[in-house]
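Chemist: Have a look at this fold, sequence not included:
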């Protein structure tokens, strides 16, 4: 009996010693993971987000966090879905779009992390350079306020128009010079790629250009650049409901997105369509 008691005591002491000697990093990793598996729905617009988010989803799955992408067809829906609780986060818009959406709809939504800058370039089926534009030609641009203003900023950088200095997003009324009297066809951003046969050119958001099969560095006739912008209005973000801004799981999702793995995918898979914006 004494031998059995001694052996039992030795086993207990060995187990206790092993538990106490666990490395701080291992302990913190366990404490950082949710006690139970959690599913977080993230609203996105555009098929390319499945590629961008793939390493994030894989990494977080090992930590007990299942990220489920919910794809919407256009930009008008994901903020409403987030505000109403149909998704937990969204990751499709830049600061300017979010601010306008909040102003117009009263959404209780806030940014929780920077993600990418999506290049907004000019494409055409008819010309190879904007210098080939003719008088009264048509250029398709997005019809939502923020992306319309950004398209005009790109066209100003390209020398097509000159704009007044304004705070926020410029509008058609802010054009002070339009030498070729270009007509701007305002349509939903998602429709512009299909409209290219009917216009001289179109200014297309990065996600729609990529989904349509364009390679921005090779296929655009004018390539967007971050130097055309003086602030972070057009940096894309992950957004949450304001009440959930401090959620530690959401913070971990942001950390996982802002990673070398995601940066590598942006560099290798999209030919200039997207650049990391969290650095």
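Modeler: Received it, and whenever you're ready, just let me know what you need. Computed from a predicted structure; not experimentally measured. Numbering: from 1, shown residues only.
Chemist: So which residues of the protein form strands?
Modeler: Counting by DSSP state E, the chain has strands at residues 38-45, 65-72, 89-90, 109-114, 116-118, 121-123, 138-142, 162-163, 175-177, 183-187, 201-204, 237-241, 274-276.
Chemist: What number of residues are in the vicinity of residue 159?
Modeler: Neighbours of residue 159 under the rule other C-beta atoms under 10 Å: 12. Just so you know, the C-beta spots here come from the backbone N, C-alpha and C atoms, and that holds for glycine as well.
Chemist: Pull the contacting residues for it.
Modeler: Counting by C-beta atoms under 8 Å, 6 or more residues apart in numbering, residue 159 touches residue 130.
Chemist: Make 721 the first number, not 1, from now on.
Modeler: Done: numbering now begins at 721, and the last item shifts to residue 879.
Chemist: who's residue 860 bridged to?
Modeler: residue 905, residue 922 (DSSP bridges).
Chemist: Count the neighbours of it for me.
Modeler: By other C-beta under 10 Å, 26 other residues sit near residue 860.
Chemist: does it really touch residue 907, like I thought?
Modeler: Yes: between residue 860 and residue 907 there is a contact under C-beta atoms under 8 Å: 6.0 Å.
Chemist: Mind listing the shared neighbours of these two?
Modeler: Joint contacts of residue 860 and residue 907 (C-beta under 8 Å, 6+ apart) are residue 915.
Chemist: Any idea which of the strands of the chain gets closest to residue 941?
Modeler: Shortest distance between residue 941 and those, using C-beta to C-beta, is found for strand 841-843: 5.4 Å.
Chemist: Remind me what that closest one packs against, helices and strands.
Modeler: Counting contacts by 3 or more C-beta pairs under 8 Å, 6 or more residues apart in numbering; DSSP states H and E, strand 841-843 is packed against helix 865-877, strand 921-924, helix 926-931.
Chemist: buried ones in it?
Modeler: Buried residues in strand 841-843, defined by neighbour count with 16 or more other C-beta atoms under 10 Å: 841-843.
Chemist: Then stretch 796-813?
Modeler: Of all the residues in stretch 796-813, those buried under the rule 16+ other C-beta under 10 Å are 797-803, 807-813.
Chemist: And for stretch 962-969?
Modeler: 964, 967, 969.
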